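Novice: whatever this is, show me its structure:
(one chain, ligands or ions: 1)
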Amino acid sequence: MPELTREKISLGEMRASGVRGLLIYCSDFQCSHWTTISADQWPDEVRLSDTEPRFTCQACGQRGADVRPNFGLGVRSTVPLG
Ligand SMILES: [Zn+2]
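Specialist: This next block holds a predicted model:
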């Protein structure tokens, strides 16, 4: 799946490959804070790069992030508890 190694893919393309989650990395490499979220809140036409400016690091306050597909997150693990 070479397309998923690029960051200009849309969320629809990502989900079509079975990936439902995103890895969010702080854009400050010295901070290196990261987290995982579900991509379900955005429509298919949104690209991963479009979501990057929306994030603010919870560790250092840096605006912007590096967003990548979370290959390790399956569909079922994105279902909220309760
Ligand atoms: Zn940070």
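
Novice: so what touches the helix or strand harbouring T51?
Specialist: For T51, the host element (DSSP states H and E) is helix 48-51. Applying Cβ atoms under 8 Å, 6 or more residues apart in numbering, the contact partners of helix 48-51 are E7, K8, I9, S10, L11, M14, L22, W42, V67, R68, P69. Glycine gets a C-beta too; all of them are placed from N, C-alpha and C.

Novice: now it, how far from the chain's geometric center?
Specialist: How far helix 48-51 lies from its chain's middle: 8 Å, per Cα atoms, centre = their mean, to the nearest Å.

Novice: and that helix, which residues are buried?
Specialist: Within helix 48-51, the residues that count as buried by 16 or more other Cβ atoms under 10 Å are L48, T51.

Novice: now swap in stretch 56-64 and tell me
Specialist: Here stretch 56-64 shows C57, Q62 as buried, counting by 16+ other Cβ under 10 Å.

Novice: hmm, who's touching that stretch?
Specialist: Against stretch 56-64 from outside (Cβ under 8 Å, 6+ apart): C26, S27, D28, C31, H33, T35, E52, P53, F55, A65.
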